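Trainee: what shape does this take:
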Amino acid sequence: MIGLEVHAQLLTASKAFCGCTAAFGNAPNTNVCPVCLGMPGTLPVLNRTLVDYIVRMGIATECRIAPRSILARKNYFYPDLPKGYQISQYEEPICTGGALTIDLDDGSRKRVGITRIHMEEDAGKSIHDQGPDTLVDLNRCGVPLIEIVTEPDLRSPREAYHALVRIRQLVTYLGICDGNMEEGSLRCDANVSLRKKGTQALGTKTEVKNMNSFRNVEKALEFEIGRQQGLLDDGARVVQETLLWDADAGVAIPMRSKEEAHDYRYFPDPDLVPVLVDEPWIASVRQAMPELPEHRRDRFQQELGLPRYDANVLTAEREVADFYEQSLRALEASSSASRENLAKVVSNWVMTDVLRVAGDRSVPVSALPVTPGRLAAMIGLILDGTISGKLAKDVFEEMLVSSEEPSAIVRRKGLVQVTDSGAIAACVDTVLAAHDEQVKKYLAGNEKIFGFFVGETMKLMQGKGNPKVVNELLRERLTSMKV
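Mentor: Residues are numbered from 1 along each chain as shown. Predicted coordinates for the structure are as follows:
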């Protein structure tokens, strides 16, 4: 029985309760002020954008948005928490009772319940590896977070992996979090317990922390399930505790006994008024939201005729889906081919070439020199017969280092496709005459060798021959030889 607690750092310009910047990467202890440092006499003021963002996530996960919610103090003492408490929500969170749908490896889908989504501020950062003393960086104090708590509906580490992938996809689509686990802007803790099949009583749960990648979430849960299974098989008892995942050692190390809610002594923050979200506010947030990935994927299949695999790949990230649709619209404006044909051609180029280069360079597709407009212009040259698909690969690579339009690259490099049947026929005859043994094998019934003739002809023409005309003339010549 697995449930996730996911913290997403929000992309607001300022912190949750003061005007300090929420930017990542500045010098330690420079993004601070008396409010986020908890100085006596200071008063917090709630960031309205934080509420907008959590309402977006609540709508996207089918939650009930509370018309009235309370901010509370979560009390604990730690060096990186100067106030001695964290502003959070407890008894009256803003979002409750939602669900998200995850795609499993076998192609099926599963709904996972969302217990609550609440807003809170981040704590600072304790640094233990820069000398004998613990150092504290308070830049992160007060940075706005949302915590997404799932029901214990997940039944395997792989399901937990897919749930976290889905949450990351949603927060990045909504533009509320960059989803970067390495920098800590998306952090996941997991609660896990075991019970015997056929029973309803929940087992003792443990919490696993410090999982800084999707794969580590899966590995840590595999380890902890195995550990608990071993204890239960030996007749021992599972202790409720919090464990830290050590990715290098591949083990989860006990950190402390797991706290209960009463350990934090929650009470309403006396310095903050209740948060009131009315229907007009919810409606305005809903209207400003982008199309969600699941809806976009279904639309790509239904309206554009894309295979399910293509639609899944293209909508995994909002930026890729935007790039694809912009490329398709630009191509549609200049081509008379059917929309479904154009949709598939553009899909192939985005999935194989655009995503390959973006992955090799570790950059988003928006950072590539090949813009949607330039990609559409290049595909247009294929469709009108100016270049072949093979030559287009060369043009695409040149577009990565040159700002020229594709047509200019084609002219400069002399890549215009040869469509003249007389010129192609002369090359076909040369190839057939030079490979008499292969011709005899083909005429004897070995038709698989036909591809050899196509390759040799294209090689002779330096890849500039129109593939369709080459195939047609080769078949004509070889058929006439059979008579």
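Trainee: what domains does the record give for this protein?
Mentor: Annotated domains of the chain cover 2-285, 291-413, 421-482 [automatic domain parsing].
Trainee: would JSON lines of these with mean neighbour count be doable?
Mentor: C-beta coordinates here come from the backbone N, C-alpha and C atoms, glycine included. Shown next, in JSON lines, are the domains of the chain (neighbours: other CB atoms under 10 Å):
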{"stretch": "domain 2-285", "mean neighbour count": "17"}
{"stretch": "domain 291-413", "mean neighbour count": "17"}
{"stretch": "domain 421-482", "mean neighbour count": "15"}
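Trainee: which helix in this structure runs the most residues?
Mentor: As assigned by DSSP state H, the longest helix anywhere in the chain is helix 214-233.
Trainee: report all helices and strands that it contacts.
Mentor: Counting contacts by 3 or more CB pairs under 8 Å, 6 or more residues apart in numbering; DSSP states H and E, helix 214-233 packs against helix 157-173, strand 186-192, strand 206-211, strand 241-246, strand 251-257.
Trainee: going by mean pLDDT, which of these comes out lowest?
Mentor: Lowest mean pLDDT within those: strand 251-257, a mean of 83.
Trainee: assign Ile102 to helix, strand or coil.
Mentor: strand (DSSP: H, G, I helix; E, B strand; the rest coil).
Trainee: wait, it sits on Ile167?
Mentor: No: contact between Ile102 and Ile167 fails when scored by CB atoms under 8 Å: they sit 9.2 Å apart.
Trainee: coming back round to it: export the longest helix of the chain as CSV, just CAs?
Mentor: What follows is helix 214-233, C-alpha atoms only, in CSV (Å, rounded to 0.1, in the frame of the first residue of the first chain):
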residue,chain,number,x,y,z
PHE,A,214,11.9,9.2,-10.7
ARG,A,215,14.1,6.1,-10.8
ASN,A,216,15.2,6.5,-7.2
VAL,A,217,11.6,6.6,-6.1
GLU,A,218,11.1,3.2,-7.7
LYS,A,219,14.4,1.8,-6.3
ALA,A,220,13.7,3.1,-2.8
LEU,A,221,10.3,1.6,-2.7
GLU,A,222,11.6,-1.8,-4.0
PHE,A,223,14.1,-1.8,-1.2
GLU,A,224,11.7,-0.8,1.5
ILE,A,225,9.0,-3.3,0.4
GLY,A,226,11.7,-6.1,0.4
ARG,A,227,12.9,-5.0,3.9
GLN,A,228,9.4,-5.0,5.3
GLN,A,229,8.6,-8.4,3.6
GLY,A,230,11.7,-9.9,5.2
LEU,A,231,10.7,-8.7,8.7
LEU,A,232,7.2,-10.0,8.4
ASP,A,233,8.3,-13.4,7.0
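Trainee: quick one: mean pLDDT over that helix.
Mentor: Rounded mean pLDDT across helix 214-233 is 95.
Trainee: and that helix with strand 251-257, angle?
Mentor: 70 degrees (axes from the mean of the first three to the mean of the last three CA atoms, to 10 degrees).
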